[in-house]
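what follows is a predicted structure for the sequence shown.
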Amino acid sequence: MKRRSLPVAAAFAATAAMLLTACGSGDDSSKDSDKIAGADTGETTSASPSASASETAGRPKITLAEDMENVFEGGKTGDPVKDAILYDNTQAVSAMDEAVYTRSLQKPSFGTYLADDAARDAAVWVQGFYDDGITWTGKVRYFSREITSLKNNVATLTYCSDESKSFNKNLKTGKTSGAVSDPADYMVFYNTRLQKDAKGIWQTTDLISKRGASQCQ
């Protein structure tokens with residue numbers, strides 16, 4: 001499947017912002033506050049219809065369609081801060097897919113895990129599904145998730161997705177798109193910026209994507 005990519009102009013602007021504001025490395029001093037349910041569940045986690053965000057600290061439940069599945073690799077590092085960042089990344093991804101599934105950008109999860117440019121760009125991406133009368137079905141695998149910088153409650157995270165087992169589905173006819181054989185059509189590289197908010201949630205504030213990137217081949 002070839003899903004919609006983020007708007008190109010916004011993506012380049014977000015790249016510049018990340019390079020300026022999220023450089024350097026270091027540890028957050030408030031590690032204990034980042035220990036959240038689900039952040040240390042294992043190396044590979046799957047977000048399916050039965051999976052949800054942690055219901056502690058006012059976190060909303062996330063519901064996906066029965067035929068939607070996100071699989072996240074590399075969720076446990078042993079560092080509570082990094083594990084919290086990786087966990088909240090999974091929730092931001094699933095929040096976008098919940099908006100696609102429910103046909104609503106007003107779900108609490110969307111505003112909980114996405115903010116600023118990332119929220120605006122994600123809303124455009126989701127709206128594209130609405131405009132075309134489609135959703136998606138199948139499984140998307142997220143891998144090579146790496147925190148490339150972490151300082152002063154700001155982190156950058158890069159990762160890849162494999163969409164080879166997911167397909168666009170027409171809501172009226174139920175017809176799905178065909179499989180693709182070229183990795184350039186289903187491998188996507190993401191570069192994201194996350195910032196911890198007052199509630200201790202690592203919100204995705206910048207999000208860019210590049211389909212067919214060499215980093216994911």
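Nice, thanks for sending it over. Numbers count the residues shown, from 1 in each chain.

only C-alpha atoms from now on, for both contacts and neighbour counts.
OK.

output the below-cut-off pLDDT ranges for this structure.
1-57 (pLDDT under 70).

residue farthest from the centroid of it?
For the chain, the largest distance from the centre (C-alpha atoms, centre = their mean) belongs to residue 173, which lies 28.1 Å off.

so that residue, which of the three states?
What DSSP: H, G, I helix; E, B strand; the rest coil gives for residue 173 is coil.

how near is it to residue 210?
Using C-alpha to C-alpha, to the nearest Å, one gets 30 Å for the distance from residue 173 to residue 210.

pretty sure residue 150 is in a strand, no?
Yes: assessed with three-state DSSP, residue 150 lies in a strand.

what is the neighbour count of the nearest residue to residue 190 once chain neighbours are set aside?
Nearest non-adjacent residue to residue 190, counting by C-alpha to C-alpha, 6 or more residues apart in numbering: residue 209, 4.5 Å away. When neighbours are counted by other C-alpha atoms under 10 Å, residue 209 registers 23.

just to check, residue 209 is in contact with residue 189?
Yes: contact criterion C-alpha atoms under 8 Å: residue 209 and residue 189 qualify, at 5.5 Å.

so residue 128, which of the three states?
At residue 128, secondary structure determined by three-state DSSP is helix.

give me the neighbour count for it.
17.

from residue 168, how far off is it?
In terms of C-alpha to C-alpha, residue 128 sits 12 Å off from residue 168.

residue 101: neighbouring residues, count only.
By the measure other C-alpha under 10 Å, the count of residues near residue 101 is 21.

gap between it and residue 85?
According to C-alpha to C-alpha, residue 101 and residue 85 sit 24 Å apart.

now residue 160. Nearest residue, chain neighbours left out?
Nearest to residue 160 is residue 189, by C-alpha to C-alpha, 6+ apart, at 4.5 Å.

specify the beta-bridge partners of the one you found.
Beta bridges link residue 189 to residue 160, residue 210, judged by DSSP bridges.

and it, how many residues sit next to it?
22.

show me what contacts it?
158-161, 209-213, 215-216 (C-alpha atoms under 8 Å, 6 or more residues apart in numbering).

between those, which sits nearest residue 117?
Of all these, residue 117 sits closest to residue 209, with 13.2 Å by C-alpha to C-alpha.

which SS class is the closest residue to residue 77 other than its chain neighbours?
Nearest non-adjacent residue to residue 77, counting by C-alpha to C-alpha, 6+ apart: residue 83, 6.1 Å away. Three-state call for residue 83 (three-state DSSP): helix.

against residue 145, how distant is residue 83?
11 Å.
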